[in-house]
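K.L.:
Below are the sequence and a predicted model; questions follow.
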Amino acid sequence: MGWWPWGTSSASKEATAKQTAKLERKCRHCRTGLAGCRKANVDDPGACKNLEIRLVACFAEGLCKPDADEHRRCYSSLYKTGLYKGVGHCGEYEERMKACLRKQKLYPFP
């Protein structure tokens, strides 16, 4: 029980840990910007929403690729036409990325 001839879950956890460390380096500038914004806007946490979404998207690009791709398509379409699939916002796709990162215990950000 617990033994698998083709590998173990610890191997996938190790791979995910390496990928997460790589993303931490890649997304460091987003995390720094969010931290600075939160310090400057202690009374208004909503002021940093765009920076938080950027950090979510940065992590999702490596860990939740389908959700990040859909969010990118939505964002590009909104920028160009004002609508994506008949909706004027990308909140659904932002929540999908956050949910994916929550499953991996990477969201909410400290």
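P.N.:
All right, it came through fine.

K.L.:
Could you give the backbone dihedrals for Tyr84?
P.N.:
With angles defined as degrees, to the nearest 10, Tyr84 sits at phi -140, psi 120.

K.L.:
Dig out what it forms beta bridges with.
P.N.:
Using DSSP bridges, the bridge partners assigned to Tyr84 are Val87.

K.L.:
What does the pLDDT read for it?
P.N.:
At Tyr84, the pLDDT value in this model is 94.

K.L.:
Tyr107 now?
P.N.:
Tyr107 is given a pLDDT of 94.

K.L.:
Can you tell me the element it falls in?
P.N.:
Following DSSP states H and E, there is no helix or strand that holds Tyr107.

K.L.:
residues contacting it?
P.N.:
56, 59, 98, 101 (C-beta atoms under 8 Å, 6 or more residues apart in numbering). The C-beta positions use only the backbone N, C-alpha and C, and glycine is treated the same way.

K.L.:
Using a markdown table, lay out the residues you listed together with distance to Pro45, secondary structure and neighbour count.
P.N.:
Output for the contacts of Tyr107, formatted as a markdown table (distance: C-beta to C-beta, whole Å; DSSP: H, G, I helix; E, B strand; the rest coil; neighbours: other C-beta atoms under 10 Å):
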| residue | distance to Pro45 | secondary structure | neighbour count |
| --- | --- | --- | --- |
| Val56 | 15 | helix | 27 |
| Phe59 | 19 | helix | 25 |
| Lys98 | 15 | helix | 20 |
| Leu101 | 18 | helix | 20 |
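
K.L.:
what's the farthest-apart pair in those residues?
P.N.:
Pairwise distances among the contacts of Tyr107 were taken by C-beta to C-beta; the largest, 9.8 Å, belongs to Phe59 and Lys98.

K.L.:
center of the protein - which residue?
P.N.:
For the chain, the residue nearest the mean C-alpha position is Val56 (2.5 Å; C-alpha atoms, centre = their mean).

K.L.:
tell me which residues in the helix or strand harbouring Lys39 are buried?
P.N.:
For Lys39, the element it lies in under DSSP H and E is helix 28-40. For helix 28-40, burial by neighbour count (16 or more other C-beta atoms under 10 Å) applies to 30-31, 33-34, 37-38.
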